[in-house]
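Novice: Here is the input, now give the coordinates:
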Amino acid sequence: MDTMSREILELFSKRNCLTLSQLSAILGIDWMTLAEPINYLRKLSYLRFEPNHASLNDLASDSPISMDDPLVITFEGRAALEQDGQNRRRVKYTEFRAWMTLAIALAAFIKSFFF
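Specialist: Sure, this is the predicted structure:
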């Protein structure tokens, strides 16, 4: 998952409901720039229209998004965010183990010259 998608999903997991204009104010990015990542996350079913707003305005899941349409994170979005967090922790742990193994091997190699 790219950093922009992860950052957007983290904001949605902290706040229940956000519009595109609120999201652009929080991130400090133009809302037109955010439209493409938001549509990508909607296509993956990680975000959806807030149900009450969608029913009142007759919005379908594939309807175009406007600046003031509230969005919420779905269960799939929360699961993807959790999975990405686990993958990042696993990579950090593996990287740490590799560097420690290298440090121990170098220390043993240097020590072999003196004793």
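Novice: Could you pull up phi and psi at L81?
Specialist: phi -70, psi -40 (degrees, to the nearest 10).
Novice: Share the number of residues neighbouring it, please.
Specialist: Using other C-beta atoms under 10 Å, L81 has 20 neighbouring residues. The way it works is simple: take the backbone N, C-alpha and C, and place the C-beta from them, glycine included.
Novice: Run through the residues that contact L20.
Specialist: By C-beta atoms under 8 Å, 6 or more residues apart in numbering, L20 lies in contact with W31, L34, A35, I38, I65, S66, M67, D68, D69, L71.
Novice: Just the pLDDT for it.
Specialist: Per-residue confidence for L20 comes out at a pLDDT of 89.
Novice: Quick one: list the elements packing against the worst-scoring helix or strand of the chain on mean pLDDT.
Specialist: Taking mean pLDDT, DSSP states H and E as the measure, helix 51-56 is the helix or strand of the chain with the lowest mean score, a mean of 78. Packing partners of helix 51-56 (3 or more C-beta pairs under 8 Å, 6 or more residues apart in numbering; DSSP states H and E): none among the helices and strands.
Novice: in it, what counts as buried?
Specialist: H53, A54 (16 or more other C-beta atoms under 10 Å).
Novice: quick one: contacts of it?
Specialist: Defining contact as C-beta under 8 Å, 6+ apart, one finds that helix 51-56 is touched by R48, L59, A60, D69, P70, V72.
Novice: and A103, how far is that from N39?
Specialist: Using C-beta to C-beta, to the nearest Å, we find A103 at a distance of 46 Å from N39.
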